[in-house]
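**Q** Based on what follows, work out the 3D shape:
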Amino acid sequence: FFLGAFGHEHADRNQIARLALQRARDHLAPDRAPGRLFLIGDTPADIQAAHAIGATAIAVTTGTYSADQLAEAHADYVLEDLSDVKGVMAMLGASA
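**A** Below is the predicted model:
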């Protein structure tokens, strides 16, 4: 991933998501808006943050939450992990 924001940058997940969105906007030419947005995380708070900025929530079960718990939190996708790089990149609309 060429840009983003991460958990160590702020205690509030929604603020982290907003920071990532701002970085995306700063990275683009002034006349372009970010395309599809994705937020990858392993907690319901990450899913909430994704939805707060209009991003697709990709949840991974690499933390303490189960697939069922992440689905109940309204993740758009729930994955066991990100080891299937080609599959994840295809989901993101990119090539690996």
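
**Q** And for Leu21, the neighbour number?
**A** 19 (other C-beta atoms under 10 Å). C-beta coordinates here come from the backbone N, C-alpha and C atoms, glycine included.

**Q** That one reaches Ile53, doesn't it?
**A** Yes - the criterion here is C-beta atoms under 8 Å, and Leu21 meets it with Ile53 at 4.9 Å.

**Q** Which helix or which strand is home to Ala11?
**A** Here Ala11 is covered by no helix or strand, with elements defined by DSSP states H and E.

**Q** so who does the closest residue to Ala52 other than its chain neighbours touch?
**A** Leaving aside its chain neighbours, Ala52 sits nearest to Asn14 (4.7 Å; criterion: C-beta to C-beta, 6 or more residues apart in numbering). Going by C-beta atoms under 8 Å, 6 or more residues apart in numbering, Asn14 touches Gln48, Ala49, Ala52, Ile53.

**Q** Give me the three-state assignment for Asn14.
**A** helix (DSSP: H, G, I helix; E, B strand; the rest coil).

**Q** tell me the SS of the residue nearest the centre of the chain?
**A** In the chain, the centroid-proximal residue (C-alpha atoms, centre = their mean) is Leu39; its distance is 0.7 Å. Here Leu39 is recorded as strand under three-state DSSP.

**Q** Tell me what it is bridged to.
**A** With beta bridges defined as DSSP bridges, Leu39 has these partners: Ala57.

**Q** Using the three-state scheme, assign Ala59.
**A** What three-state DSSP gives for Ala59 is strand.

**Q** ok, so what distance separates it from His8?
**A** To His8, Ala59 is 20 Å away according to C-beta to C-beta, to the nearest Å.

**Q** Report the distance from stretch 15-32 to the chain centre.
**A** Centre-to-centre, stretch 15-32 and its host chain are 14 Å apart (C-alpha atoms, centre = their mean, to the nearest Å).
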